[in-house]
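Q: okay, predicted coordinates and the sequence, questions at the end:
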Amino acid sequence: LFEASHAAAARRPVVVRPLAPRDVPRVEELIRGIDNFNEDEVACAIELVGLAAGPPPGADDYRVLVASAEPDGAPLGYACFGPTPMTRQTFDLYWIAATAEARGRGVGRALHDEVVRAVRAAGGRRIRVETSSLETYGATQRFYDATGYRTVGRVDNFYKDGDHLLILLYELGG
Ligand SMILES: CC(C)(COP(=O)(O)OP(=O)(O)OC[C@H]1O[C@@H](n2cnc3c(N)ncnc32)[C@H](O)[C@@H]1OP(=O)(O)O)[C@@H](O)C(=O)NCCC(=O)NCCS
């Protein structure tokens, strides 16, 4: 039933823009509201938004895109990514999230499309995601599968017993 309603969910146009200073508190609020992020993840995600909003080198290492319904509207989702240190053409997608109300309407897809565009413009060839095996059940796993990621690595019990590190990779190609 959920799958069907997801497929039928109304798609509204989504605007994706780079993080502006006025977005910072709104994106922080969005992050605090993501139900499956634990306390440490919330703190880390918020820290990276602060770095992205600040001066280099933070702003070079971490970039944030914000999705909203109108050009300066309230954030419906955000993505944080950046060049992977010590690599030439690899980027990390550190976080991608949509508000619970906005899910299943193309916000994640629109954000990812713009991440890919930015990575390509910067000469990147691939995007890595590191994620917990627990998080990848359900919607998150389906999102990465549908977006074209494949699992290329796994470290058992990395986060804690029974909670493995999965490494997902998206190849830009062409
Ligand atoms: C993962 C997440 C960002 C996806 O965002 P979203 O806006 O709901 O995703 P979209 O609507 O753009 O969906 C894109 C594709 O993913 C798949 N998908 C996403 N959610 C799905 C769900 N609940 N059921 C089935 N497929 C789903 C669909 O196949 C969809 O493709 P379609 O366009 O052909 O329908 C969102 O679920 C989220 O914020 N989750 C919590 C935070 C999180 O875990 N982030 C990842 C780790 S940082």
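A: Alright, I've got the coordinates. Numbering: from 1, shown residues only.

Q: buried residues, stretch 123-139. List them.
A: Across stretch 123-139, burial judged by 16 or more other C-beta atoms under 10 Å covers 124, 126-129, 131-133, 135-136, 139. For the C-beta atoms, the positions are set from N, CA and C on the backbone; glycine is no exception.

Q: which ones among these are found in strands?
A: Among these, DSSP state E puts 126-129, 131-132 in strands.

Q: now those as a markdown table including pLDDT?
A: As requested, these are exported to a markdown table (pLDDT from 0 to 100):
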| residue | pLDDT |
| --- | --- |
| R126 | 98 |
| I127 | 98 |
| R128 | 98 |
| V129 | 97 |
| T131 | 91 |
| S132 | 88 |
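
Q: let me see the contact set for whatever residue of the chain ends up closest to the ligand.
A: Residue of the chain nearest the ligand, by C-beta to the nearest ligand atom: G108 (2.5 Å). Neighbour list for G108: 77, 96, 98, 143, 147 [criterion: C-beta atoms under 8 Å, 6 or more residues apart in numbering].

Q: many thanks, I have nothing further to ask.
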